[in-house]
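Peer 1: model the structure of this input:
(2 chains)
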Amino acid sequence: MDTFVDLLNPIFAFGLPIAASIPLGIWAARALDVPDERAGKGIDKIPTSLVALFAGKTPEKMNWKRYATSLLWFNLILFILSFLILLAQPFLPFNPDGKPALSGDLIYNTVCSFVTNTNLQHYSGEQHLSYFSQLAGVVWLQFVTPACGLAAMLATIRGLRGDDHLGDFYVDLFRSLIYLFLPCCLVVAIALAATGVPMTFAGSVKAAFPGMDEQTIARGPVAAEVAIKQLGTNGGGFFGPNSAHPFENPSPLSNMIEVCSIIVLPMASIVMLGIMLKARRHAVVIFGVMLSLVVAGAIVAIAFENRPNAAVAGLPVVAGPNLEGKEVRLGATASATWAAITTATSNGSVDAMHDSLNPLGGLVPMSLMMFNVAFSGIGAGFENMLVYIIVAVFLAGLMVGRTPEYLGKKVEAREVKYAMLALLIHPLLICVATAIFASTAWGKGTVANPGPHGFSEILYEFTSSAANNGSGFEGLSDNNVPWNVAAGIVLLLGRFPALILPLAIAGSLSKKQRVPTTSGTLRSDTPTFAGMLLGTVILVGALSFLPAVVLGPIADHVERSAAQAKPGDTKAPDAKPGDTKTPDAKPGDTKTPDAEPDDSKAPDAKKADSTDSNIKADVSNNTGANSTNITLTGVNKS
Amino acid sequence: MSSEVLEETIPGVDVVELKQQRRRTRTLRLFEPALVKQATAQSFVMLDPRVMARNPVMFLVEVGFVLTVAATIQSIVQSASTGLILYQTFLAILLLLTVLFANFAEALAEARGKAQAESLRKTRMDTPAFRLDDPSTRAGTIVPSTKLRSGDYVLIDAGQIVPADGEVVEGVASVDESAITGESAPVIREAGGDRSGVTGGTKVLSDWIVVQVTADPGQSFLDKMIALVEGASRQKTPNEIALTIVLAAFSIIFLIVTVTLEPMARYFSINLDVPTLIALLVCLIPTTIGALLAAIGIAGMDRALAANLIAKSGKAVEVAGDVDTLLLDKTGTITMGNRFATQFVPFAGLQPRDVARPAGLASLADQTPEGKSILDLARREWGFDGYTPQGSRFIEFTAQTRMSGVDLPDGTAIRKGAPDTIAAYVESLGGTVPPNYRSTTVEIASKGATPLAVAENDRLLGLIKLEDVLKPGIRERFDRLRRMGMRVVMVTGDNPATAKAIATDAGVDDFIAQATPEAKLAYIRKEQRGGKLVAMMGDGTNDAPALAQADIGVAMNSGTQAAKEAGNMVDLDSDPTKLIEVVEIGKQLLMTRGALTTFSIANDLAKYFAVIPALFVDALPGLKVLDLMNLAEVGGPRSAILAAVIFNAIVIPMLIPVALRGVAYRPVGADALLRRNLLYYGLGGVVAPFIGIKLIDMLIDPLLRLIGM
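Peer 2: This is a model prediction of the structure:
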């Protein structure tokens, strides 16, 4: 591996969005945070007149409660509408392949997942959804749900700034859609189409090759959906294998466009924060803390993914990076970078299978979702971070001998109460749900692997749901009633309290008198505070999840390392037999009817790399056998 | 004039030193045996769940203790292995100890506060009082002081003890307040001024006064403060409430983590027993700060009491840490309060020395501080030997002549007095007044100084500049305050020009000249509109509105009842610089809470590394790598768990000194302070338990082996 060339991917994957986030953030602050005297004038006429058209109302001056109820009502309507659309799929247009309705619990899960900007998919898009469902049910939500998150953030910032009102939710929603998401998506969609991503309303194609069965090749309006999937911290792909699918992500160039699109808007929202608050150094602190978490995660993931897979230890293959579940054309480093970025933000799209990451490599996506503050969802990321800021400000404020203050407002019992409530929810959802499923057949009976790896699958699914990330660890048979219902509940509880409680904090702070800054005031824009904030995030995260993580990825790692140390031990290949439990019958890009469709971001994608699946097949076929008997061909370094 | 000289010569400095010495002796030893005994007994009484419920964190530990006892009994009944029974018994004992240590910390702080207050209250034993039936007739009866009610009038004669807090309504007396202030010099208390307040337990030394009682028995400020320390009426301060929420939330998070760990472990077919899970929970929840929180609050009040400050609520002490603006009276706070001679200003053709000698001679018999200071200046700077020829006649200052001086045997008459008086005197003798006489006097006055003129017969020699000099070290003190983030505002009755000169000299940030009570009130309101918290000190009735308006109003004990009612603290020493101490006590209080919370939560990381491998190492042997401390394996994982619980328990008494003394405050700016505390309590909190648990493990491992666990 040429280290330098290999590292160009992560360097660009971080460098380009950072560079782009500055003008985008400046633009967002200007277009989305319109002062009262400019509201409804100039370019702002379009969103306000659209609000008048659709909602039949003039812009209001909402307080936090009104804003929060508007947001919740709007999302309830979204929920009902999307539910009905998916339920009525067989009777709606744009269904060239005549797809039937999904089961009730799957629809519930899917709607929860898309309304919460999560896009955890217990179905496979190209297999189960008509084009109408994709566009009206999925893509539409992929536009408005990040806009909801951004609206909540806009209102929160206005509260922190001490404005007399927090704006109008609907106007903010339309402003975000028209001036941020639509233009960005247009640019990215065209760029993707240029790299070869399909964009068509025609049905799937039948392909027949001499000596082979006829294949059905799915296609559709892919470029448009991938653009908003990446830009809106959505992650729900058009195809089951997500961005590992060659039609979603055909080349290293499209891969770079997509990985940059994941993080650019979450980054831009922090730039916008600095401008709106007129506190650039404070925004730099937040940006820095978030960036250091995701960069650290990427470094760890890259380091571990460039190590060989423990499952091939002792086998006569060249010890290279762990390419299981990865696209060889993208390689370990680019895939690990994507894995870190997609879980740091609440995107969750994948271009490699997280289930197949080395255990400690797989710990990275899980930890980033447990922290859930490294840029995270658009808008939602700052809302989450605000909770940690309040905790850090509270402790640090006490430590400098003053009643804690944030942005010149005193942080008192009420704000602390809201913040601690928000802080509680994440471990509550993840630990309780994981505990229930790990100890019952609901979870135990659905994991693909025994031991710690299976535990990780359960833990990952709920972590991803609670963090509204949507990436899947996979290997899990999760399209059944318990999983659909439980994940749906976790999704909803992971989303709305996390948006509303910070809004409540801001609403409460907005009414307080501003305290002048003195040399005795704790400053929230210094490196010391950045360290304090980073420490708070890491410590709280570690303390909440360490036991679970120890039982999952860490136990997985030490077991495999132990097995690696003793080649020939039957335990070693056992660590991965799960992948082969799933019959190889469904190559990701073919539409094979399947009695139990696996998750969209499914192991299918692993099959995209035929070399890779050879390894697994061979290993599993020879479980327990003397490993030297295995002969492998076509295995090579990347 | 250099400040070293001032320190030698100005008696006020010694008083400060004396006060500090006295305070040091009053400050109790941390673990005073008598108090420890009292607190130990009290910590068992406090096990009452109704008392414990006030503190959610420790209540959780107590519940854990009960459950562990139940589990132990169950093990005994089911005749489990001796090892298990012993292990569970040890856990139960350790949990009980954890609760007891927490109670002990609170009880000790309370006991210290009570002892502190008791030493003040001792003064107000049941003394007989002469209660007047009617203040105008002097007729009355002798009643015990406990029978006195607010509004009663008492007559107090020389040699009698003041029976209750009250206000002088008639008469003037010198009062010995050393019982409460430790100050041996008697003070004057008189009706109708700003010096009308008397405190129960003080002694009238001369003359008599009629006092109107202002507090019912048990309702005096001191009684209220004692009640605050004793906990009965102790209410949680706003920051304490917020912190309790944080601690409760962390406890809930750890409760979730521990409770869900059991089903998670079942996935691996590991059965975790309840006592072990409780042990893990107790290790994780912030017991350290939970145990010490109450003690820290009480200790803040103790420190205030030790500084002779009576706070009317815990909140008042806490708010003091947030003060942004300090209103300080010029006289007595910023300046010495007395005028001192600082310079001789000669007129045409003369040297300062030529003024110094006559001025010294004229002041030899002058017993006023001003006179002494003139003599002192002449001696020190100009070598005046104090020699007076035989037969000199000293002229006393009288209201008629308004001059003092000396008539020497050779007929020379030396006079000093106010410039106008001396000018008239000189002119009456046929002398002339120098042309720059008026301009020089005005110039001196404009700098906040007072000119005195000196004349020899009909000749005007020069002027003596008398200045109200700054207290030594006051600039440094203000610098310190500024670094703490505070603005100092000087309040003075002087004219703006004079005030500005003194303000510049003293280095204050702002001043209120020609201050009226209204001006003070307006200034406080203006500051508060800007979101600032204001502290001020006052004594007069006309200060009452401002004291009430200020966020921290410290009334001097010598002040009027109205002032004391209006403020939220009373300073028994009536020392205007006390405000600075109040602020530091408040800051220390908050810092101690923040630091110990951080320490408590940071501790958890190491405890995880001790307990988690111990829990799972049997089923997942690979997890041994997480055992960073390499804890003993003999006796199984139980030794590691016990070590963690022991550490968790003993860290409480080990931190009692920090809780009671408070984390040291340094005015180095918020950022540096945060870095320092993060290093000590954050990083220290992460590292310390790794070392502590390892040491405990090394100690208990052989013991556990000995008893065959």
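
Peer 1: relative to residue A:521, how far out is the closest residue to chain A within the stretch 501-650 of chain B?
Peer 2: The stretch 501-650 of chain B approaches chain A most closely through residue B:594 (2.6 Å), counting by CB to the nearest CB. C-betas here are computed from N, CA, C, even on glycine. The gap separating residue B:594 from residue A:521 is 15 Å, by CB to CB, to the nearest Å.

Peer 1: now do residue A:110
Peer 2: Separation of residue A:110 from residue A:521 (CB to CB) stands at 49 Å.

Peer 1: ok, those two, which is more surrounded?
Peer 2: Between residue A:110 and residue A:521, residue A:110 has the larger neighbour count (other CB atoms under 10 Å in any protein chain shown), namely 28 against 19.

Peer 1: and the nearest residue to residue B:215 once chain neighbours are set aside, what does it touch?
Peer 2: In space, and not counting its chain neighbours, residue B:215 is closest to residue B:165: 4.5 Å by CB to CB, 6 or more residues apart in numbering or on different chains. Shown in contact with residue B:165 (CB atoms under 8 Å, 6 or more residues apart in numbering or on different chains): B:197-200, B:213-215, B:220-221.

Peer 1: equivalent analysis for residue B:244, please.
Peer 2: Residue B:244 is in contact with B:56, B:236, B:293, counting by CB under 8 Å, 6+ apart.

Peer 1: same thing but at 7 Å, please
Peer 2: Contacts for residue B:244 (CB atoms under 7 Å, 6 or more residues apart in numbering or on different chains) come out as B:56, B:236.

Peer 1: count the residues that sit near residue B:639.
Peer 2: Counted with other CB under 10 Å, residues neighbouring residue B:639 total 24.

Peer 1: which helix or which strand is home to it?
Peer 2: With elements taken from DSSP states H and E, the one containing residue B:639 is helix B:638-661.

Peer 1: low pLDDT regions in the stretch 451-600 of chain A?
Peer 2: The stretch 451-600 of chain A contains residues with pLDDT under 70 at A:564-600.

Peer 1: which residue packs closest to the residue of it found nearest chain B, ignoring adjacent ones?
Peer 2: Minimum separation of the stretch 451-600 of chain A from chain B (CB to the nearest CB) falls at residue A:520, amounting to 2.3 Å. Excluding the flanking residues, the one nearest residue A:520 by CB to CB, 6+ apart is residue B:485, at 2.3 Å.

Peer 1: hang on, the one you found in a strand?
Peer 2: No: secondary structure of residue B:485 (DSSP: H, G, I helix; E, B strand; the rest coil): coil, not part of a strand.

Peer 1: wait, doesn't it sit right on residue A:523?
Peer 2: No: contact criterion CB atoms under 7 Å: residue B:485 and residue A:523 do not qualify, at 11.1 Å.

Peer 1: more crowded one of the two?
Peer 2: Between residue B:485 and residue A:523, residue B:485 has the larger neighbour count (other CB under 10 Å), namely 23 against 19.

Peer 1: contacting residues for that one?
Peer 2: A:518-521.

Peer 1: picking that back up, can you tell me how far the residue nearest to residue A:520 is from residue A:400?
Peer 2: Distance, residue B:485 to residue A:400, using CB to CB: 9 Å.

Peer 1: got any residues that touch both of those two?
Peer 2: Common contact partners of residue B:485 and residue A:400 (CB under 7 Å, 6+ apart): residue A:520.

Peer 1: chain B contacts on the stretch 501-638 of chain A?
Peer 2: A:513-516, A:518-523, A:526, A:528, A:532, A:535, A:539, A:542-544, A:546-548, A:550-551, A:555, A:558-559, A:562 (CB under 7 Å from any CB of the partner chain).

Peer 1: out of those, name the ones that lie in strands.
Peer 2: Among those, no member falls in strands (DSSP state E).

Peer 1: selecting buried members of those in PyMOL, what would you type?
Peer 2: To isolate the buried ones among these in PyMOL, judged by 16 or more other CB atoms under 10 Å in any protein chain shown, type:
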select buried, chain A and resi 515+518+520+521+522+523+526+528+532+535+539+542+543+544+546+547+548+550+551+555+558+559+562
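
Peer 1: what's the helix or strand for residue A:48?
Peer 2: Per DSSP H and E: helix A:45-55 holds residue A:48.

Peer 1: right, I mislabeled it, should have said residue B:164
Peer 2: Using DSSP H and E, no helix or strand contains residue B:164.

Peer 1: smallest gap between the stretch 51-200 of chain B and chain A, at which residue?
Peer 2: residue B:56 (12.5 Å).

Peer 1: residue B:593 versus that residue, what's the distance?
Peer 2: The gap separating residue B:56 from residue B:593 is 16 Å, by CB to CB.

Peer 1: do residue A:300 as well
Peer 2: 36 Å.

Peer 1: now residue B:346
Peer 2: Taking CB to CB, one finds residue B:346 at 61 Å from residue B:593.

Peer 1: out of those two, which sits in the more crowded spot?
Peer 2: residue B:593 (28 against 17).

Peer 1: all helices of the stretch 451-600 of chain A, in order?
Peer 2: Remark: helices assigned in the stretch 451-600 of chain A by DSSP state H, counting those that start in this stretch are A:451-466, A:481-510, A:527-549, A:555-565, A:571-574, A:577-581.

Peer 1: most tightly packed of these?
Peer 2: Most buried of the helices of the stretch 451-600 of chain A, by mean neighbour count (mean count of other CB atoms under 10 Å in any protein chain shown): helix A:451-466, with a mean of 28.

Peer 1: now for that one, which elements pack on it?
Peer 2: Secondary-structure packing of helix A:451-466 (3 or more CB pairs under 7 Å, 6 or more residues apart in numbering or on different chains; DSSP states H and E): helix A:359-371, helix A:413-439, helix A:481-510, helix A:555-565.

Peer 1: correct me, but residue B:320 touches residue B:551?
Peer 2: No: using CB under 7 Å, residue B:320 is not in contact with residue B:551; the gap is 8.5 Å.

Peer 1: neighbour-wise, which of those two wins?
Peer 2: Counted by other CB under 10 Å, residue B:320 and residue B:551 do not tie: residue B:320 has more neighbours, with 29 against 20.

Peer 1: so what's the residue nearest to that one when sequence neighbours are not counted up against?
Peer 2: Nearest residue to residue B:320 in three dimensions, chain neighbours excluded: residue B:586, at 3.2 Å (CB to CB, 6+ apart). Neighbouring residues of residue B:586 by CB under 7 Å, 6+ apart: B:317-321.

Peer 1: can I get the residues you listed in a markdown table including secondary structure and pLDDT?
Peer 2: A markdown table is the format used below for these (DSSP: H, G, I helix; E, B strand; the rest coil; pLDDT from 0 to 100):
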| residue | secondary structure | pLDDT |
| --- | --- | --- |
| B:317 | helix | 85 |
| B:318 | helix | 85 |
| B:319 | helix | 86 |
| B:320 | helix | 87 |
| B:321 | coil | 85 |
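
Peer 1: for my notes, confirm residue B:435 occurs in a strand.
Peer 2: No: counting by three-state DSSP, one finds residue B:435 to be coil, located in no strand.

Peer 1: in which helix or strand would I find residue B:276?
Peer 2: Counting by DSSP H and E, residue B:276 is part of helix B:274-284.
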